[in-house]
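Student: only the shape, not the letters, is given here:
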């Protein structure tokens, strides 16, 4: 049994102009101790996917179809109260911007202790002891003293460590990290990613890493989903995807990485022409076809299905010409 | 904390000097004390002598200096009407006003917080829409009209509550208080409702607007993601952040409440400073007017200092106390 299984998930936002489908038929799974990357541009639906798992989509969005199973149990049908026993307890989240995530008027200690007390019967003293241990775990120096400090007394990287420590408090099965390093500078990014990876290895947790940074995905994750305009367009083992991207969009992303393979600074970076469409105006057929350099007639009329690529059980691509292999493209 | 207090005292001194300057200028320009003091039979020479004796021929700044040094010693001039030092007159009237303002502020605080939070959390519920609608009306009706309507309905027609005066008071260590007798409390009801009628809707709307903004922040979303209870998220995480701007605005509004007592006290014949102030205007009792200015100014300064200290306690990024 998979730890987390998402089947045909559809999320839409009820707007005045009608329903806006933000996630369309998303299916994926996460195994125990597995590290899964979710990649895509801003607005592709990565974050919504993460929040949908713990049923915390911003209003007016809601899950309109599909199932979310956690250890075989349906999550999407749970009551608010039952869901609360999962959130922050079995499934923890790490948010994007550590400067905005911690409550500015509460001490770190308060914010840690309350999380434990929300899920366990535990005294203040014991909770503080756990908090100190977890702060140590994320390499915060002199953790006991830190409990009485406020978020503004910490740097961005330190705050993200504290947030990771909060995520670890209840020894969750899954951590969903929503762009955990986007708001940090590059050296801190590397530290945080190393820390996350180390924790996943030692603490027996599944990690769902949401990011737009393919470099990070390649380094940390074992499997990856590529999202575009609310759909999964390619999923594969990270090593396969990096060495041989099949969807033209994925390949575009790979080509847009600086110094990919070589340290060639003489050549200009390649970019994917155009921008991702607004969710209200997705083109018929393959949603990527207006930007695709290999676009054929069929691409603008028929929606490609996410299908298994022969010879590789873990590889799915939604492109009519996935097998052609645009090696020279 | 020490540095804060020193800074505060210096600021307060400057503010009080400016208020005193304005008050003194008014007094200096209005009327002629010599003419008020003597009859027609007094000759020009005698008037000149008296003028010299009172120091009225000195320069403006010399007189101002004298005024300040007297004020520091607690002498704010002499009320010709009451035949008493102006400060004594004001201090005898102050308890009435302070009690009225206190009860009104409590009313505002106890009602606006739950109503503001409720209508922010459930903006679409009937009660929230009702509160918003009524508060618009409340803000738009002037205090004296509210007061007159209250008197007409509850005193004249229904005979439920008294319409004027303070009723029975008890003297506690020289403080005439109406808070400890049933009659005194009954007399407080209508004036305090009237006085809070402007600020209450304002506070409900302010708290609602701030709370709605806070509820949209990342740290609230994170608090939900941590699996906290609704009570915890709303009353601890969101409310504490909502409080910051509310405290700031609230301090200023409390001062404005003192200004509004002039209207309320007049309608209800409430024997407080506001009522006294209007009477003093009618009698051109300038010494009393200036003294009122100075005392209310001092009250403002004290209230604002308290507000700043409270703000520092709630907001950890403002360090009042050096840790």
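Tutor: Everything's here; your move. On a predicted model such as this, the values are computed, not experimentally measured, just so you know. Numbering: from 1, shown residues only, chains lettered A, B, ... in the order given.
Student: from here on, contacts and neighbour counts on C-alpha atoms
Tutor: Will do.
Student: interface residues of the stretch 151-300 of chain B facing chain A?
Tutor: With C-alpha under 8 Å from any C-alpha of the partner chain as the criterion, the stretch 151-300 of chain B comes near chain A at residues B:217-220, B:222, B:224-229, B:237, B:240-241.
Student: out of these, which are buried?
Tutor: B:218-220, B:222, B:224-229, B:237, B:240-241 (16 or more other C-alpha atoms under 10 Å in any protein chain shown).
Student: can you show me the helices along the stretch 201-329 of chain A?
Tutor: All helices of the stretch 201-329 of chain A, identified by DSSP state H, counting those that start in this stretch, fall at A:214-220, A:238-243, A:248-255.
Student: and these: which comes nearest residue B:97?
Tutor: helix A:214-220 (66.6 Å; C-alpha to C-alpha).
Student: tell me the helices and strands packed up against the closest one.
Tutor: Helices and strands touching helix A:214-220, by 3 or more C-alpha pairs under 8 Å, 6 or more residues apart in numbering or on different chains; DSSP states H and E, are strand A:35-39, helix A:186-203, helix A:238-243.
Student: and for chain A, the residue most distant from the center?
Tutor: Within chain A, the residue lying farthest from the chain centre (C-alpha atoms, centre = their mean) is residue A:125, at 34.1 Å.
Student: who are the packing partners of the strand or helix carrying it?
Tutor: Residue A:125 is located in helix A:124-137, with elements delineated by DSSP states H and E. Contacts defined by 3+ C-alpha pairs under 8 Å, 6+ apart place helix A:124-137 against helix A:108-119, helix A:143-146, helix A:156-168.
Student: mean confidence (pLDDT) on the first one, please.
Tutor: For helix A:108-119, the per-residue pLDDT values average out at 93.
Student: before we move on, what about the longest one?
Tutor: Model confidence over helix A:156-168, given as mean pLDDT, is 91.
Student: other residues contacting it?
Tutor: A:88, A:92-94, A:98-99, A:102, A:108, A:112, A:115, A:131, A:134-135, A:137-140, A:151, A:175, A:180, A:184, A:188, A:192 (C-alpha atoms under 8 Å, 6 or more residues apart in numbering or on different chains).
Student: about what we covered before: what's the most buried one of the helices and strands packed on helix A:124-137?
Tutor: helix A:156-168 (a mean of 24; mean count of other C-alpha atoms under 10 Å in any protein chain shown).
Student: quick check: angle from that helix to helix A:186-203?
Tutor: 20 degrees (axes from the mean of the first three to the mean of the last three C-alpha atoms, to 10 degrees).
Student: got the contact list for residue 97?
Tutor: Using chain A here. So residue A:97 contacts A:180-183 (C-alpha under 8 Å, 6+ apart).
Student: hmm, I had chain B in mind actually
Tutor: B:258, B:261, B:271-274.
Student: in those residues, find the pair that's most separated.
Tutor: Across the contacts of residue B:97, the longest distance by C-alpha to C-alpha is 14.1 Å; it joins B:258 and B:271.
Student: before we move on, back to that, need the buried ones among the residues of the stretch 151-300 of chain B next to chain A in CSV with pLDDT, can you?
Tutor: Putting these into CSV (pLDDT from 0 to 100) gives the following:
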residue, pLDDT
B:218, 91
B:219, 93
B:220, 94
B:222, 93
B:224, 93
B:225, 92
B:226, 92
B:227, 90
B:228, 92
B:229, 90
B:237, 92
B:240, 91
B:241, 91
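Student: residue A:59 contacts residue A:13, doesn't it?
Tutor: Yes - the pair residue A:59 / residue A:13 is scored as a contact, 7.5 Å apart, by C-alpha atoms under 8 Å.
Student: higher neighbour count, the two?
Tutor: Using other C-alpha atoms under 10 Å in any protein chain shown as the criterion, residue A:59 and residue A:13 rank with residue A:13 on top: 19 against 9.
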